[in-house]
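J.: Structure for this input, please:
(one chain, ligands or ions: 1)
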Amino acid sequence: MRKTLALLVTLCSLATIAHAGEVEVLHYWTSGGEAAALDVLKQQMADDGHQWKDFVIAGGGGANAMAELQSRVLKARPPTAAQIKGLDIQRWARLGFLANLNDIAQADQWDKNLPKVVADAMKHKGKYVAVPVNVHRTNWLWVNKPLLDSLNLAVPTTWDEFDSAAAVIQQAGYQVIAQGNQAWQHATLFEAVALSIGGPDYYRRAFVQHEFSAMKSTTTEAVFKRYYRLLAWMDLNEVDLEWSQATQAVIDGRAAFQFMGDWAKGEFIKAGKVANRDYMCVAVPGTANEFIFNIDSFAIFNLRDNNAANLEAQRDLVKNVMSASFQRTFNLNKGSIPARTDLSAAGFDLCAKYSMSEFLIANEQQALLPSIAHGMATTGTVQSYFYDRINELTAKPLSPKESSMALAKAIRYGQYILK
Ligand code: BGC
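T.: I've put the predicted structure just below:
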């Protein structure tokens with residue numbers, strides 16, 4: 001009996017070794033919350049007997065990672081999968097670098113289990129070429145609740161309320177808004193302000209369809225007016241403050257607010273903080289029931305070496321990402337909500353449940369909008385012109401009229417570069 005058991009154990013481990021492949025995964029998830037979330041996938045791959053090779057390029061927003069990916073692919077050494085989003089997925093697919101995942105997608109009913117907006121972003125010419133891990137919302141305001149309570153302040157829901165609260169917070173010696181001096185952080189705030197001031201139709205016309213008359217308009221001037229007003233409540237002298245360090249300032253009660261996508265919630269969770277007791281997650285003033293989305297996904301590359309074990313590992317990676325257990329545990333850590341809509345919301349915290357309901361409401365009201373700051377609305381090229389101009393205007397504000405013209409021209413220029 002003992003001998004049979006030993007033989008069985010040996011056979012089983014031989015089977016695992018025979019199937020053990022390697023995946024190399026490019027990503028930029030290096031903060032505490034991000035790393036904890038990714039560990040869920042690493043563990044699932046290890047449980048399947050595969051090796052994980054981390055291809056990590058730090059830098060919030062992912063611009064550094066995208067540059068590195070380009071150079072690796074040009075050297076004909078693409079990774080197994082890379083954290084690529086939105087329109088950039090289309091670009092890599094058009095160039096023929098991405099694998100067709102339709103057989104897995106059909107077997108697992110992706111079309112049925114994913115919202116259309118998510119499924120569309122993962123497909124190129126009807127073929128799935130990427131697998132979604134989540135849906136982030138970018139128009140959030142994160143609030144240190146005990147700090148506001150101690151100053152007898154309510155959470156602001158309008159810009160006037162925000163300014164009144166800000167004056168009290170500053171007077172009391174606290175930092176009002178925690179924000180790092182990085183282009184993508186400014187762009188994230190700017191798009192939320194644009195939605196708040198202009199509304200969904202304006203946002204769509206200016207930042208998705210890039211209509212010149214919407215980009216250069218009195219509405220964009222009003223957006224800049226509000227954006228410049230907010231800069232007065234920040235201290236941008238700390239060069240290169242990472243977004244997660246800014247979140248830490250809110251967690252510690254050194255600052256009252258941060259405008260940031262819900263990856264910030266991953267840091268609150270990692271620090272053991274509880275929603276509505278230690279912190280609040282609310283829509284950026286004027287954007288309740290509206291949702292700027294940012295979907296994280298892994299684009300799956302055609303492997304160069306035809307190694308059967310590695311191909312199998314790649315397929316296991318895709319299946320793991322779409323599994324109910326991954327979508328749940330990853331998103332509990334990451335701060336986002338699952339990309340799949342067929343999962344129960346039980347066990348998710350208040351912010352996630354709020355986000356799920358905002359997603360549905362926004363979807364019904366044509367207020368579900370792709371993020372320009374995070375590559376969902378436009379290509380990486382237009383996005384980088386947008387970043388550069390917002391960054392310059394943040395450092396040296398022009399009049400709202402001149403700013404609106406400068407931004408419109410930058411976006412238009414980015415579009416021409418592509419042609
Ligand atoms: C990504 C998030 C990431 C954040 C900060 C966003 O563009 O979608 O997954 O946590 O950048 O790096």
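
J.: could you pull out the strands for the protein?
T.: 22-27, 51-56, 81-83, 123-124, 127-128, 130-132, 136-137, 140-144, 175-177, 255-259, 279-283, 291-294, 297-300, 368-370 (DSSP state E).

J.: List the contacts of the last one.
T.: Which is strand 368-370. 86, 117, 195, 200, 203-204, 207-208, 290-293, 359, 362, 376-377 (CB atoms under 8 Å, 6 or more residues apart in numbering). (Glycine included, C-beta is placed from N, CA and C.)

J.: run the last query once more with 6 Å
T.: Tyr203, Phe291, Ile292, Ala362, Met376, Ala377 (CB atoms under 6 Å, 6 or more residues apart in numbering).

J.: So what's the residue count around the residue lying closest to Ile269 once chain neighbours are set aside?
T.: Sequence neighbours aside, Gly33 is the residue nearest to Ile269 in space, at 6.2 Å (criterion: CB to CB, 6 or more residues apart in numbering). Residue neighbour count, defined by other CB atoms under 10 Å, stands at 22 for Gly33.

J.: thinking Gly33 is in contact with Lys270, fair?
T.: Yes - here Gly33 reaches Lys270: they are 4.7 Å apart, a contact under CB atoms under 6 Å.

J.: Near the ligand, which residues of the stretch 251-400 of the chain are found?
T.: Residues of the stretch 251-400 of the chain lying near the ligand by CB under 6 Å from any ligand atom: Trp263, Asn294, Asp296, His374.

J.: Buried ones among those?
T.: Neighbour-count burial (16 or more other CB atoms under 10 Å) is assigned, among these, to Trp263, Asn294, Asp296, His374.

J.: Which residue is the nearest non-sequential neighbour of the closest residue to the ligand within the stretch 251-400 of the chain?
T.: Closest residue of the stretch 251-400 of the chain to the ligand, CB to the nearest ligand atom: Trp263 (3.4 Å). Nearest residue to Trp263 in three dimensions, chain neighbours excluded: Gly335, at 5.1 Å (CB to CB, 6+ apart).

J.: Look up how far the ligand lies from Gln179.
T.: As judged by CB to the nearest ligand atom, to the nearest Å, Gln179 and the ligand stand 14 Å apart.

J.: ok, that residue touching Asp235?
T.: No - using CB under 6 Å, Gln179 is not in contact with Asp235, being 8.4 Å away.

J.: From the neighbour counts alone, determine which of these two ranks first.
T.: Gln179 (28 against 14).

J.: Could you list the buried residues of the longest helix along the chain?
T.: Counting by DSSP state H, the longest helix found in the chain is helix 183-203. Neighbour counts over helix 183-203 (16+ other CB under 10 Å) mark 183-198, 200, 202-203 as buried.

J.: Equivalent analysis for stretch 220-233, please.
T.: Thr220, Glu221, Ala222, Val223, Phe224, Arg226, Tyr227, Tyr228, Leu230, Leu231, Trp233.
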